[in-house]
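Participant: Mind looking at a prediction? Sequence and model below.
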Amino acid sequence: MRRLSIRLKITLWFAAALVLVAALTYLVIFAISRQVILKNIRDSLIETMAHNVDEVEYYSHLDQVDLSNPVDHYVRYQDGYLEVDDDFLDELNQVYTSLCAADGSLMYGENPIARQTQALPFQDGVIQEYYVDGVLYFIYDCQLTENGLEGLWLRGVVSEAQGRVQLGAIAQASLVLMPLLVLAAVVGGYLIAGRMLRPIQKIGAAAAEIRQGGDLKKRIDIGPGQDELHQLSDHFNAMVARLDEAFRAERQFTSDASHELRTPMSVIMAQCELALEEVRTPPEYEEALEVIQRQGRKMTKLIQDMLDFSRLEMQAERYPLAPLNLSELVLSVARDMALIQEQGITLDDAVEPDCLVLGNRDLLTRLLTNLISNAYRYGNPGGHIHVSLHAQSDLLRLAVRDDGVGIAPEEQQRVFQRFYQADRSRSGSGTGLGLAMVQEIAKFHGGCVELMSSPGVGSTFTLVIKKYVPS
């Protein structure tokens with residue numbers, strides 16, 4: 001079974017289920033048909049007997065009847081005569097009717113089991129069952145009550161064999177039709193299964209093509225629809241699109257990282273070659289070492305930032321989330337960084353107390369530190385930085401506002417890209433990863449970062465994060 005295709009497996013299971021259903025249906029039809037046929041036999045017996053009751057009449061003298069009627073028979077009874085319709089001699093629906101005396105003796109008509117049932121007592125209006133040589137007979141008696149007919153009975157007899165013929169015909173037809181219907185259903189199921197599984201074959205072919213050719217632009221098109229296979233196709237396309245975006249971002253990240261590392265490495269190599277070309281004075285050696293040290297520190301910070309990115313993206317378990325008082329964290333970081341006073345820039349805060357979040361202290365500290373450092377780096381001398389935290393419905397809004405150079409509208413989305421720096425003359429020791437890290441930390445906490453900025457007016461970066469409510 002493991003080597004069979006899904007289409008064939010579905011067809012086999014479907015066929016097995018159909019065979020079982022057909023067999024059960026056959027048994028049910030057989031059982032119900034037998035009960036229906038036996039009921040029809042009994043009903044026919046009763047109906048025939050009810051009709052024949054009116055076919056027997058008593059006359060005290062023969063001159064009261066028309067002796068020229070060829071269809072009637074006359075039987076001597078007591079002091080008169082019984083007129084019996086000739087229909088008694090005919091078998092109607094295999095129902096035999098006989099006229100009997102009170103002692104069970106046959107006076108007129110037909111009864112195939114008259115000898116065996118002569119001692120069977122009469123029961124007016126009751127169907128009796130009687131077996132003769134293993135054959136079931138139904139016997140129905142009617143007592144005649146008209147004048148002159150006292151002591152006479154009509155006995156109707158019909159055999160179960162009448163129903164066996166009809167039942168055999170039904171069984172034979174079922175045995176022919178059921179397999180044909182099962183075969184037609186199995187063939188139809190096989191064709192339908194192939195049609196329904198065709199989208200899966202397309203998905204498999206697309207996956208194989210992507211695996212062999214590495215083309216993540218490949219998509220599956222199985223037409224419009226909302227069923228499970230179309231949903232699977234949509235999910236597959238979304239997964240491939242996300243992989244394509246991830247690989248593209250990874251390639252871009254590698255390219256940018258190589259570019260960023262190339263500059264300090266080039267400076268270091270140039271300083272080393274310059275210092276080794278000829279004997280230099282101690283101040284010249286000291287200057288070269290300072291340049292190498294500065295570029296080395298820049299490389300170290302860049303590598304550390306890239307490692308932090310990788311850990312955040314690939315090893316989220318390194319940063320467990322826990323209930324955290326964000327108000328206390330913001331006040332601590334803001335007041336510590338207010339002591340920097342770089343370029344004469346002052347920092348103040350307005351923090352709403354007891355704002356709780358489900359977060360990681362180290363990452364949120366890193367986020368706020370990056371935003372404030374960025375505000376210092378791109379602020380104007382003698383400027384101002386304002387840090388605020390307040391609740392808004394079930395959200396918290398942590399904002400860092402400065403009155404620095406601002407960001408042009410066309411650059412506001414790009415500032416969150418890795419290694420992007422809007423004004424490299426002000427970047428200083430920055431690596432271009434600060435705001436990208438801020439955005440990643442916000443996403444890690446299920447929040448987002450909003451930016452409002454105008455050139456020459458200043459910028460406001462706002463972290464929007466869900467408030468934590470203890471249960």
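Facilitator: That came in fine, so what should we check first?
Participant: Helices of the stretch 1-150 of the chain, start to end?
Facilitator: 6-52, 114-117 (DSSP state H, counting those that start in this stretch).
Participant: which helices and strands sit right next to the first one?
Facilitator: Here helix 6-52 is seen to pack against strand 95-101, strand 127-132, strand 135-143, strand 152-159, helix 161-213 when contacts are counted using 3 or more CB pairs under 8 Å, 6 or more residues apart in numbering; DSSP states H and E. Just so you know, the C-beta spots here come from the backbone N, C-alpha and C atoms, and that holds for glycine as well.
Participant: same thing with the shortest one?
Facilitator: Other helices and strands packing on helix 114-117, by 3+ CB pairs under 8 Å, 6+ apart, are strand 127-132.
Participant: partners of the strand it packs on in the sheet?
Facilitator: Counting by DSSP bridges, the strands paired with strand 127-132 are strand 135-143 (antiparallel).
Participant: Give me the buried positions along the partner strand.
Facilitator: Of the residues in strand 135-143, 137-143 count as buried by neighbour count, 16 or more other CB atoms under 10 Å.
Participant: quick one: average pLDDT of it?
Facilitator: Across strand 135-143, the average pLDDT comes to 91.
Participant: contacting residues around that strand?
Facilitator: 41-42, 45-46, 49-50, 52-53, 113, 117, 120, 122-131, 152-161 (CB atoms under 8 Å, 6 or more residues apart in numbering).
Participant: Need the distance between the two termini of stretch 392-411.
Facilitator: Start-to-end span of stretch 392-411 (CA to CA, to the nearest Å) is 29 Å.
Participant: out of the helices and strands packed on helix 6-52, which comes closest to Met337?
Facilitator: Evaluated with CB to CB, these place helix 161-213 nearest to Met337, the distance being 48.4 Å.
Participant: Quick one: list the elements packing against the closest one.
Facilitator: Using 3+ CB pairs under 8 Å, 6+ apart, helix 161-213 sits against helix 6-52, helix 228-277.
Participant: Arrange those in TSV, one row each, with distance to Ala205, mean pLDDT and mean neighbour count as further columns.
Facilitator: TSV is the format used below for the helices and strands packed on helix 161-213 (distance: least, CB to CB, whole Å; pLDDT from 0 to 100; neighbours: other CB atoms under 10 Å):
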stretch	distance to Ala205	mean pLDDT	mean neighbour count
helix 6-52	15	80	15
helix 228-277	12	75	14
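Participant: Could you tell me the least trusted of the helices and strands packed on helix 6-52?
Facilitator: Ranked by mean pLDDT, the helices and strands packed on helix 6-52 end with helix 161-213 at the bottom, a mean of 74.
Participant: Specify the angle between that one and helix 6-52 in degrees.
Facilitator: Orientation of helix 161-213 against helix 6-52 (axes from the mean of the first three to the mean of the last three CA atoms, to 10 degrees) gives an angle of 160 degrees.
Participant: how close does the closest residue to Met196 other than its chain neighbours sit to Leu326?
Facilitator: Spatial nearest neighbour of Met196, excluding adjacent residues (CB to CB, 6 or more residues apart in numbering): Leu229 at 7.2 Å. Distance of Leu229 to Leu326, computed by CB to CB, to the nearest Å: 46 Å.
Participant: care to break this structure down by domain?
Facilitator: 7-167, 228-313, 319-466 (automatic domain parsing).
Participant: ok, Ser327 touching Pro353?
Facilitator: Yes. The criterion here is CB atoms under 8 Å, and Ser327 meets it with Pro353 at 5.2 Å.
Participant: more neighbours, those two?
Facilitator: Neighbour count, other CB atoms under 10 Å: between Ser327 and Pro353, Ser327 has more, with 20 against 9.
Participant: picking that back up, okay, the helices and strands packed on helix 161-213 in TSV with distance to Asn370 next?
Facilitator: As requested, the helices and strands packed on helix 161-213 are arranged in TSV below (distance: least, CB to CB, whole Å):
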stretch	distance to Asn370
helix 6-52	52
helix 228-277	17
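Participant: quick one, which of those helices is nearest to Asp308?
Facilitator: helix 228-277 (13.1 Å).
Participant: quick one, the next helix-or-strand element following that closest one and helix 228-277 angle?
Facilitator: Note on helix 228-277: by DSSP states H and E, the next helix or strand toward the C-terminus is helix 282-314. On the basis of the same axes, to 10 degrees, helix 282-314 is oriented at 170 degrees to helix 228-277.
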